[in-house]
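Engineer: what follows is a predicted structure for the sequence shown.
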Amino acid sequence: MTAASVIESPVASAIEASRLSRAGALIGYLPVGFPSLDESIDAAVALVENGVDVLELGIPYSDPVMDGPVIQKATQASLDAGFRLRDAFTAVEKIRARVDAPVLLMTYWNPVVQYGVARFADDLRSAGGAGLITPDLTVDSGADWLVESDRTGLDRVFLAAPTSTEERLRLAVENSRGFVYTVSTMGTTGARAELGLAAEKLVGRLRSVGSTSACVGIGVSTADQIAEILSYADGAIVGSALVRALAEDGVDGVARLAAQLATGTGR
Amino acid sequence: MTIDTSPTHLRDETGPFFGEFGGRFMPESLIAALDELSAAYDEAKADPEFHRELAELHRTYTGRPSIITEVPRFAEHAGGARILLKREDLNHTGSHKICNVLGQALIAKRIGKTRLIAETGAGQHGVATATAAALFGMECVVYMGEVDTERQALNVARMRLLGAEVIPVTTGTRTLKDALNEAFRDWVANVENTHYLLGTVAGPHPFPVMVRDFVKIIGEEARQQVIDMTGALPDAVVACVGGGSNAIGIFHAFLDDPDVALHGFEAGGDGVDTLRHAASITMGRPGVLHGSRSIMLQDEDGQTVDSHSISAGLDYPGVGPEHAWLASIGRATYTPVTDAAAMQAFRLLCQTEGIIPAIESAHALAGAIELGRTLGEKATILINLSGRGDKDVETAGAYFGVLDAGAGA
């Protein structure tokens, strides 16, 4: 048994609970500070009030190589409006004061390095955050994060891709805590009409190396896609579609979309 | 068993780390492609046929070995030091970039990729990649910051003439760093048939070491040429540094010659006391950008800071990890050169020697002028003249006010 599975994970618990009561978990992404810090907090709270089980808050970064145009535009707007890293901890704290869902931060690695990995883990823990999703940090490059997340008991979500070898899937499964972020398709974030068979196949491969918590993201934007994903995975992750709704129709709009997406979980 | 007490050979470093710098900080979606590339490169490196094929291309297509030109009239302005130019500007496509491009294109062919993508700042790397794609019958897409497509319009036209698609990048600061981001995004989506032909010694492993190996021929040739000409090693080797490929190309052969000083000149823009410069090593600090740990311009939160240089090819807020390492151990010295100093050196070389350099390379020339004045007339300075200035005629013409009204119409 690995260290990753000894520490209790609030995210894994939330996903498990959603599996018992429904088809699985709905995980919603929004960037911190878009369109403003207060509105991003309100929007995140609205997601949870409308059926989102786990929150993924994105830290805006100047060079987001995994993100498509919708999220790039929103995170750039947040940066232009003066986003600072400490705003992410503020957001986590305020959201946790209002709703009970676990909150993960999604961050590219350099901001964590500059803040200090240990200090970042401590401050995230103090703010009531659950852990990190690290799109450009893989297990084999993340020795210091493995140490600090174990020390603080934070979750750490690594990614698995359709092109990952079995050895690398095993590495992601054994070292992730919370869930494994299953990349549905080769490409950056953004809604896609068809998800194809790659995600289901990849979840099957993750299961065969021992994954008990695989959530599928990238390209997911409709309740039908969520229902389809939850027929084989533990959770579905929606990002760009929510960001677009927030940009176009504000907090009310993103709340309506969340409620509609949640029907895909059997809620 | 004996303990190896020989001195460290700096030339032997093969990554993924150079000291604390380098590594591979990339999305999982690209790791398989990076592993495939590493394996293919290691295999090619051990295959004499690969080296023969590349050498033959360099002889019959690139025009190697490139010559050395001594520039005494220019040297009068540099303390009378003996100044030798390694003429990478005379290569096919006009810069040192072709060396890396032909090497990587051959690797791409070996692993069955049919599409090349590249980022470009000044357009030199884009032109070289478009050239290789035409030569090997591959599809080619070049990402170029929108700002750069405007200031390097001639190179955009060149790439299109060569059959490449040029995509202006409108995200972020719309310059070289954003072109890299966009190329990575394309690669994530198209990795099955696409090779990302990264144009400098940055990025995730194996790029820094692979690109270095393809450009180190510059220093290997130059080292022997200088010995043949002068009977000795040069006192100093000089290059401009953006991402750092031409600099590592000429430095590498001299890394284990402790008496040869290595000087990299970064783009000082309006001056490093302003916010408008691209002097990553001088003003930056360690961090992770574009897949490796190196030194970069960033704010307190680790957000990459906008860089500025009159030269599009040096307008990059990061630098390759091997340079970060050479700076950290003191083996090479990195100094900023302002736009103004670079442009004065640009004009000086034009008017004393009849050679129009790339504005990138003019930073090395400006650095060498100062260095020559310090070292004096007994010194020999080898400069990597990394590219020619044809692409910069409009920028330089406007800078010096020598364009006739309406000449650009």
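Structural biologist: Nice, I can see it.
Engineer: going by C-alpha atoms from here, please, whenever you check contacts or count neighbours.
Structural biologist: Will do.
Engineer: ok, which residues in chain B are in contact with chain A?
Structural biologist: Residues of chain B lying near chain A by CA under 8 Å from any CA of the partner chain: B:23-29, B:31-32, B:171-172, B:178, B:181-182, B:184-186, B:188-190, B:287-289, B:291, B:300-304.
Engineer: buried stuff in stretch B:270-289?
Structural biologist: Within stretch B:270-289, the residues scored as buried using 16 or more other CA atoms under 10 Å in any protein chain shown are B:270-272, B:276-289.
Engineer: could I get the average pLDDT for that stretch?
Structural biologist: Average pLDDT, stretch B:270-289: 97.
Engineer: for chain B, where's the lowest mean pLDDT among helices and strands?
Structural biologist: helix B:146-151 (a mean of 88; mean pLDDT, DSSP states H and E).
Engineer: how many residues are close by the residue of the stretch 101-250 of chain B found nearest chain A?
Structural biologist: Using CA to the nearest CA, the closest approach of the stretch 101-250 of chain B to chain A is made by B:Ala189 at 3.9 Å. B:Ala189: 16 surrounding residues under other CA atoms under 10 Å in any protein chain shown.
Engineer: that one and A:Ser184 touch, don't they?
Structural biologist: No. Using CA atoms under 8 Å, B:Ala189 makes no contact with A:Ser184, being 11.6 Å away.
Engineer: distance of B:Ile356 relative to chain A?
Structural biologist: Per CA to the nearest CA, to the nearest Å, B:Ile356 is found 35 Å from chain A.
Engineer: residues contacting that residue?
Structural biologist: B:Ile356 makes contact with B:346-347, B:349-350, B:388-390, according to CA atoms under 8 Å, 6 or more residues apart in numbering or on different chains.
Engineer: of these, closest to B:Lys97?
Structural biologist: B:Arg388 (11.6 Å; CA to CA).
Engineer: correct me, but the closest one touches B:Pro357?
Structural biologist: Yes. Taking CA under 8 Å as the definition, B:Arg388 is a contact partner of B:Pro357 at 4.5 Å.
Engineer: intersection of neighbour lists for these two?
Structural biologist: B:Asp89.
Engineer: so A:Gly51 is in which element?
Structural biologist: According to DSSP states H and E, A:Gly51 maps onto no helix or strand at all.
Engineer: which helix is the longest one in chain A?
Structural biologist: Ranked by residue count under DSSP state H, the longest helix found in chain A is helix A:240-262.
Engineer: can you list the strands that the helix or strand where B:Met144 lies pairs with?
Structural biologist: If you go by DSSP H and E, B:Met144 is part of strand B:139-145. According to DSSP bridges, strand B:139-145 forms sheet pairs with strand B:115-120 (parallel), strand B:165-169 (parallel).
Engineer: rounded mean pLDDT for the longest one, please.
Structural biologist: Over the span of strand B:115-120, the pLDDT mean works out to 97.
Engineer: between the very next helix or strand once past that strand and strand B:165-169, how big is the angle?
Structural biologist: Proceeding N to C from strand B:115-120, the next assigned helix or strand is helix B:124-136, under DSSP H and E. Here helix B:124-136 runs at an angle of 160 degrees relative to strand B:165-169 (axes from the mean of the first three to the mean of the last three CA atoms, to 10 degrees).
Engineer: give the other helices and strands that helix B:124-136 contacts.
Structural biologist: Using 3 or more CA pairs under 8 Å, 6 or more residues apart in numbering or on different chains; DSSP states H and E as the contact definition, the elements that helix B:124-136 packs against are helix B:97-110, strand B:115-120, strand B:139-145, helix B:153-161.
Engineer: compare these and say which comes out lowest on pLDDT.
Structural biologist: Averaging pLDDT over each of the helices and strands packed on helix B:124-136 puts helix B:153-161 lowest, since it has a mean of 94.
Engineer: can you mark which positions in that helix are buried?
Structural biologist: By 16+ other CA under 10 Å, the buried positions in helix B:153-161 come out as B:154-160.
Engineer: save these as a markdown table, and put in distance to A:Ala97 too.
Structural biologist: Output for the buried residues of helix B:153-161, formatted as a markdown table (distance: CA to CA, whole Å):
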| residue | distance to A:Ala97 |
| --- | --- |
| B:Leu154 | 57 |
| B:Asn155 | 56 |
| B:Val156 | 54 |
| B:Ala157 | 57 |
| B:Arg158 | 58 |
| B:Met159 | 56 |
| B:Arg160 | 56 |
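Engineer: for the chain, which spans come out with low pLDDT?
Structural biologist: No chain was given, so I picked chain A. A:1-6 (pLDDT under 70).
Engineer: not what I meant, chain B
Structural biologist: B:1-8, B:405-409.
Engineer: geometric centre of it: which residue is closest?
Structural biologist: B:Ser245 (3.1 Å; CA atoms, centre = their mean).
Engineer: burial count for the residue in the stretch 301-409 of chain B that chain A sits nearest to?
Structural biologist: As assessed by CA to the nearest CA, chain A sits closest to B:Gly302 within the stretch 301-409 of chain B, at 4.5 Å. Burial measure for B:Gly302: 25 neighbouring residues, criterion other CA under 10 Å.
Engineer: show me the contacts for it.
Structural biologist: Residues counted as contacts of B:Gly302 (CA under 8 Å, 6+ apart) are A:110-115, B:287.
Engineer: buried sites along stretch B:35-50?
Structural biologist: Within stretch B:35-50, the residues that count as buried by 16+ other CA under 10 Å are B:37-38, B:41, B:44, B:50.
Engineer: all strands for the stretch 51-200 of chain A, in order.
Structural biologist: Secondary structure of the stretch 51-200 of chain A (DSSP state E, counting those that start in this stretch): strands at A:54-58, A:103-106, A:131-133, A:155-157, A:159-160, A:180-183.
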